[in-house]
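Student: no letters, just coordinates:
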């Protein structure tokens, strides 16, 4: 669901640069026209620390239960840390339509009015629709017509389809059928024939909506995940209780 990057700061900032417009005709003997790039929106990614631990009591240690108890708790701790990452990542998509969660341009992630130099642009399906062959095709057309801030076509391409787990069977029927899905027509499945999603279909167990679906494209730096530190595991003993402490950060 994200491009992953590293970070060594308290926060990272991505600054949009609008680029230039089309080149005009240069008549003989006249000066070249010089354009100016301008700064667009600034998106800030603030690093947040997550940590969780468990205790093996001194009495458990003396009862020679350390290996049994600690192994079980270590596995549960690793599971909890993994779940934390999955839920944080999915929440960006779960809140994609929520105007209380805005990005650098002041709009939510999926919005029909992302501001640009030339007006606004939408990454929301024009007419809201449940997952279907027609709805996906409409969204693929919209992706292909995407422009940059100056209104120039950028030839964006779809890369992957992201769905809630409830749609896993429907999505695969639509995309992977040899012929057109759910019709008596002897027509090819165009999406499959043109490899519309070269990176495939991804079903998330963590999407909260049973109907919302998303298409990721090849537009770079769109959804970013910064990891300042990989998950690390530490152990120590507490002097006052003699308990063994273990934690992930």
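Tutor: Nice, I can see it. Remember, it's a predicted structure, so these values are computed and weren't measured experimentally. Residues are numbered from 1 along each chain as shown.

Student: which of the residues in stretch 10-19 are classified as buried?
Tutor: 12, 16, 18 (16 or more other C-beta atoms under 10 Å). Where you see a C-beta, it was placed from the backbone N, CA and C, and this is true even at glycine.

Student: my guess is the last one contacts residue 150. True?
Tutor: Yes - using C-beta atoms under 8 Å as the test, residue 18 is close enough to residue 150 to be in contact (6.0 Å).

Student: okay, and the common contacts of the two?
Tutor: Common neighbours of residue 18 and residue 150, counting by C-beta atoms under 8 Å, 6 or more residues apart in numbering, are 116-117.

Student: re earlier: would you list the buried residues of stretch 10-19 in CSV and tack on secondary structure?
Tutor: Formatted as CSV, these follow (DSSP: H, G, I helix; E, B strand; the rest coil):
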residue, secondary structure
12, strand
16, strand
18, coil
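
Student: ok, of those residues, which one's closest to residue 179?
Tutor: Nearest to residue 179, judged by C-beta to C-beta, of the buried residues of stretch 10-19 is residue 16 at 42.9 Å.

Student: over to residue 66: give its phi and psi.
Tutor: Backbone geometry at residue 66, expressed as degrees, to the nearest 10, gives phi -60, psi -50.

Student: now do the contacts for residue 231.
Tutor: Contacts for residue 231 (C-beta under 8 Å, 6+ apart) come out as 81, 248-249.

Student: got a winner among those residues for most neighbours?
Tutor: With neighbours taken as other C-beta atoms under 10 Å, the top of those is residue 248, carrying 19 neighbours.

Student: quick check: which element contains the closest residue in space to it that isn't next to it in sequence?
Tutor: Leaving aside its chain neighbours, residue 248 sits nearest to residue 81 (4.9 Å; criterion: C-beta to C-beta, 6 or more residues apart in numbering). Using DSSP states H and E, residue 81 falls within helix 66-94.

Student: domain-wise, how is this protein divided?
Tutor: Domain assignment of the chain by automatic domain parsing yields the ranges 49-109+226-249, 128-222.

Student: can you give me the end-to-end span of the shortest one?
Tutor: Yep, that's domain 49-109+226-249 we're talking about. End-to-end distance of domain 49-109+226-249: 7 Å, with C-alpha to C-alpha, to the nearest Å as the criterion.

Student: what's the spacing between the residue nearest to residue 248 and residue 88?
Tutor: 11 Å (C-beta to C-beta, to the nearest Å).
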